[in-house]
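**Q** what shape does this take:
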Amino acid sequence: MALGYNIVGRGSLGDMWVRVVDITFDASYAAGGYALSARSLGLGANGVVIAVIPVGSRGGFFADYNQGTGALMVRDASGSVGAASTEVGNNNANINGVVQRCVVLGKGSPG
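**A** Okay, here's the model as predicted:
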């Protein structure tokens with residue numbers, strides 16, 4: 001299975017496109033996170049992702065966008081108080097089907 005993308009909102013903010021996207025995780029997670037596609041996020045084939053802002057946590061997991069790599073990392077929220085949340089392990093079946101809502105800012109052709 002691959003990541004699922006469902007664009008639930010579209011708009012603009014100045015010269016940027018805004019998309020609200022529900023991303024459904026699969027069980028083939030690899031260390032470093034899921035590589036996100038500007039096209040899949042609704043920014044068109046030549047789009048550029050400027051920011052991905054995950055909203056809330058789902059099922060004990062939350063997402064963290066790595067601007068440097070363009071990947072959406074999934075972290076386990078069950079750690080102890082005051083400790084950094086660890087990234088989930090490779091091929092983690094527990095995140096299969098978890099839906100994370102994200103607000104995406106970018107440039108490109110509206111897709």
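**Q** tell me which residues are up against stretch 77-87.
**A** Under the criterion CB atoms under 8 Å, 6 or more residues apart in numbering, residues 31, 33, 57, 60-62, 73-76 lie in contact with stretch 77-87. Quick note: C-beta positions are derived from backbone N, CA and C, even for glycine.
**Q** please apply the same query to stretch 34-46.
**A** By CB under 8 Å, 6+ apart, stretch 34-46 touches 3, 5, 7, 10, 17, 19, 21, 23, 25, 47-49, 52, 65, 69-74, 104, 106-111.
**Q** before we move on, the earlier item: mark which of the contacts of stretch 77-87 are buried, thanks.
**A** 33, 61-62, 73-76 (16 or more other CB atoms under 10 Å).
**Q** strands - which of the residues you listed land there?
**A** 61-62, 73-76 (DSSP state E).
**Q** closest to Val99 among those residues?
**A** Nearest to Val99 among these is Phe61, at 10.6 Å by CB to CB.
**Q** ok, now which ones touch the closest one?
**A** 74-77, 88, 94-95, 98, 100.
**Q** can you put the residues you listed in TSV and add distance to Ala38 and pLDDT?
**A** Formatted as TSV, those follow (distance: CB to CB, whole Å; pLDDT from 0 to 100):
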residue	distance to Ala38	pLDDT
Val74	20	92
Arg75	23	90
Asp76	28	85
Ala77	28	79
Val88	24	87
Asn94	28	85
Ile95	23	88
Val98	22	90
Gln100	17	94
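**Q** need phi/psi at the closest residue to Gly59 other than its chain neighbours.
**A** Leaving aside its chain neighbours, Gly59 sits nearest to Val98 (4.9 Å; criterion: CB to CB, 6 or more residues apart in numbering). For Val98, the backbone dihedrals (degrees, to the nearest 10) come out as phi -70, psi 130.
**Q** quick one: Val98 and Ser78, what's the gap?
**A** Distance of Val98 to Ser78, computed by CB to CB, to the nearest Å: 14 Å.
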